[in-house]
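**Q** need the 3D shape of this:
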Amino acid sequence: MIMAMSLPHQIRAIAGTPIAADPGSLTSESTSSSTTTVNASAVWKNPLTNLRVSVKNTGDNDRVSPLSSPPLSPVIGGNIRGDLSVACQAFATETETQVENLHSFPESLEKKGKGVPVFVMMPLDSVKMDNTVNRRKAMNASLQALKSAGVEGIMMDVWWGLVERDEPGKYNWGGYTELLEMAKKHGLKVQAVMSFHQCGGNVGDSCTIPLPKWVIEEMDKDPDLAYTDQWGRRNYEYVSLGCDTVPALKGRTPVQCYSDYMRAFRDNFEHLLGDTIVEIQVGMGPAGELRYPSYPEQNGTWKFPGIGAFQCYDKVIYFLFLRLDFMCTFLDSSFAMVNIIKYSNPFLIIVGYVTVLISSFFVQYMLSSLQAAAEAYGKPEWGSTGPTDAGHYNNWPEDTNFFRKEGGGWASEYGEFFLTWYSKMLLDHGERILQSAKAIFENRGVKISVKIAGIHWHYGTRSHAPELTAGYYNTRFRDGYLPIAQMLARHGAIFNFTCIEMRDHEQPQDALCAPEKLVRQVALATQEAQVPLAGENALQRYDEYAHEQILRSAALDVDGNSSDREMCAFTYLRMNPHLFQPDNWRRFVAFVKKMKEGKDVHKCWEQVEQEAEHFVHVTQPLVQEAAVALMH
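**A** Numbering: from 1, shown residues only. Have a look, this model is predicted:
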């Protein structure tokens, strides 16, 4: 009998609550000015007790390859996979009217209590270059469909390159205002990503959004503001962390720019913080991840499963190291000014101030910092360059002297010195930005999170080369994720990790990929550090096999420890037409239901799908029509 009703009445009958259609216009092409508030306590869980991190040793990489590499990294033709990142476009007028009435989801799918809330990533181009919402009608319809499936909320990139594009300090929140209000209207929570990186050049990037043009102008003037590899290749995805405290961006440091941006976001969307906006994910590197751009896909520079390359070869500013012998007594520590002033010599005071100013300005560039660290370590000869025998982007560990398992430089005293410095620069970068973000969003009811890359290839080797070039000092003999987790814990931030959907046997075995072992190590590290762990899938998957793996990973049952610890949230990649295809939609609704119920509810997939089937059947014409429309 219920199927004889109109679609809106069917939805109301299942939901048990009539929802009035929103009177707002969906067709206006004008943009509204911006402004963002919710209690996130129901969404986020606290971590539980400590558990020691232990990583099980796996087999070595026995691949035999040449020991040396050519002087330049090959530039190969790119084969970058496009992201199917198109939202559900505007429905026909009759369908759109029906969608307006679809707001809440059935009580049977709204179980409270334990479980992992599911968020869905928005298309990368949700806001256009003219600062308006992209496919406004489609976006509205898609958000309502997601809410109907029991999704907790959405994740959206708030691009620095769009908002502060034209002038420093001039922010245009344009489409984000409308998009956030749309999410609020449909009762969806929002994870807002402060995207300080370039869009384009990585897996899944379906559009190009560069850094603000005034930032690029400064990087063109001073190329050392960009990450640099040993062959002089510059990377414009993200301003080099070596310049974090250098006032090189129109008089501001990069960290000051990030802080001002986050503060402007807070002030503009104050009314939505803690109510609609429940999380601020702070971008800290390429693809928004806390890492170096060691495996850039753009122009075919890197291809999976290459080891990548270190990014610390900018020009040394030798002026920093000019020796003023008569100043050495006074300028060898951070207390130089005290010593200078003690001698009451005006000339020395002036020279001292200038020298310290120059030191604090230039020492931040990568090679300059390395040289300073090498001198402090007592090995100044180690400071002129990074490893020169670490191979090329597409080499394998055994192709190189530095990463090979027997006698590799990574395990030497020099290797330990360099990798400690390289990884600490990354941790310090995260520390600086988190300190700022924490102060800006304190007492605003939002969580802060940081995304860490799931670099699972060559994980079975001793050196873990791809992780090392990315800045994660993780080897068979050293846990590189515990220091990251501890740094996040100090600031009350969430550890957001990728590759949650992957299984070891699905990956190339010759590359010794081990995503499951990697996720396990990260789960143990976050438990020991008492930091919440959230997850994302790295690739777009709609099959039950991937969903089952996500459920298993989200349960955080490591070493057979069946505690009640679970991931605090999971973000699904990504909202697009394929998600709304009938079979994918059915599996997705069941997946969301299973995640929300939690790991203690033992039901097979067939039972979960059967429980959700009636709801899926009712909504399927809606989403199917959307998918068909998108494919044409």
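**Q** helices and strands around the lengthiest helix in the chain, which ones?
**A** What stands out as the longest helix in the chain, according to DSSP state H, is helix 413-441. For helix 413-441, the elements it packs on are helix 254-268, strand 277-282, helix 366-377, strand 447-452, helix 481-490, judged by 3 or more C-beta pairs under 8 Å, 6 or more residues apart in numbering; DSSP states H and E. For every residue, glycine as well, the C-beta is placed using N, CA and C.
**Q** hmm, 6 Å instead?
**A** Counting contacts by 3 or more C-beta pairs under 6 Å, 6 or more residues apart in numbering; DSSP states H and E, helix 413-441 packs against helix 254-268, strand 277-282.
**Q** deepest in the core, which of those is it.
**A** strand 277-282 (a mean of 26; mean count of other C-beta atoms under 10 Å).
**Q** any idea of the angle it forms with helix 413-441?
**A** Here strand 277-282 runs at an angle of 150 degrees relative to helix 413-441 (axes from the mean of the first three to the mean of the last three C-alpha atoms, to 10 degrees).
**Q** let me have the helices and strands packed on helix 413-441 in JSON lines, extended by mean pLDDT.
**A** Shown next, in JSON lines, are the helices and strands packed on helix 413-441 (pLDDT from 0 to 100):
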{"stretch": "helix 254-268", "mean pLDDT": "98"}
{"stretch": "strand 277-282", "mean pLDDT": "98"}
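**Q** in a markdown table: these, plus distance to E164.
**A** Conversion of the helices and strands packed on helix 413-441 to a markdown table gives the following (distance: least, C-beta to C-beta, whole Å):
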| stretch | distance to E164 |
| --- | --- |
| helix 254-268 | 6 |
| strand 277-282 | 16 |
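**Q** so which of the ones you listed comes closest to Y238?
**A** helix 254-268 (9.1 Å; C-beta to C-beta).
**Q** the closest one vs helix 413-441, what angle?
**A** Going by the same axes, to 10 degrees, helix 254-268 makes 30 degrees with helix 413-441.
**Q** which parts of the stretch 151-300 of the chain are strands?
**A** 153-159, 189-195, 226-228, 234-239, 277-282 (DSSP state E, counting those that start in this stretch).
**Q** could you dump the ones you listed into JSON lines with distance to G407 added?
**A** Output for these, formatted as JSON lines (distance: least, C-beta to C-beta, whole Å):
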{"stretch": "strand 153-159", "distance to G407": "44"}
{"stretch": "strand 189-195", "distance to G407": "42"}
{"stretch": "strand 226-228", "distance to G407": "28"}
{"stretch": "strand 234-239", "distance to G407": "31"}
{"stretch": "strand 277-282", "distance to G407": "40"}
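**Q** quick check: which of those is nearest to Q311?
**A** strand 226-228 (4.2 Å).
**Q** parallel or antiparallel, which strands does the closest one pair with?
**A** strand 234-239 (antiparallel) (DSSP bridges).
**Q** what's next to the strand it pairs with, contact-wise?
**A** H197, Q198, P223, L225, A226, Y227, T228, P254, G285, P286, P293, P296 (C-beta atoms under 6 Å, 6 or more residues apart in numbering).
**Q** run a quick neighbour tally on the closest residue to S423 other than its chain neighbours.
**A** Closest residue to S423 apart from its sequence neighbours, by C-beta to C-beta, 6 or more residues apart in numbering: Y473 at 3.8 Å. When counting by other C-beta atoms under 10 Å, one arrives at 24 neighbours for Y473.
**Q** Y473 should be in a helix, yeah?
**A** No. Looking at Y473 with DSSP: H, G, I helix; E, B strand; the rest coil, it is coil, so not inside a helix.
**Q** local confidence estimate at it?
**A** Per-residue confidence (pLDDT) for Y473: 98.
**Q** so where is the stretch 201-350 of the chain shaky, pLDDT-wise?
**A** Where the stretch 201-350 of the chain drops to pLDDT under 70, the residues are 201-206, 316-350.
**Q** are we agreed that D564 is in a strand?
**A** No. Per three-state DSSP, D564 lies outside any strand segment and is coil.
**Q** so how far is A373 from it?
**A** Going from D564 to A373 by C-beta to C-beta, to the nearest Å gives 44 Å.
**Q** and these two? Which one has more around it.
**A** A373 (20 against 12).
**Q** so that one makes contact with T420?
**A** No. Between A373 and T420 there is no contact under C-beta atoms under 6 Å: 8.8 Å.
**Q** still on that earlier bit, spatially, which two of the contacts of strand 234-239 are the most separated?
**A** Applying C-beta to C-beta across those, the maximum distance is between P254 and P296, 19.3 Å.
**Q** residues touching Y171, list them.
**A** Contacts of Y171 (C-beta under 6 Å, 6+ apart): V163, E164, A264.
**Q** now with 8 Å, please.
**A** Contact analysis of Y171 by C-beta atoms under 8 Å, 6 or more residues apart in numbering lists V163, E164, Y261, A264, N268.
**Q** just G386 next, same as before
**A** Q230, F310, C312, Y313, L367, L370, F418, Y422.
**Q** make CSV out of the residues you listed and add distance to H491 and neighbour count.
**A** Shown next, in CSV, are those (distance: C-beta to C-beta, whole Å; neighbours: other C-beta atoms under 10 Å):
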residue, distance to H491, neighbour count
Q230, 33, 19
F310, 27, 24
C312, 25, 26
Y313, 30, 21
L367, 29, 20
L370, 26, 25
F418, 27, 27
Y422, 22, 24
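**Q** just these now: which is nearest L241?
**A** C312 (9.9 Å).
**Q** all good on my end, thank you.
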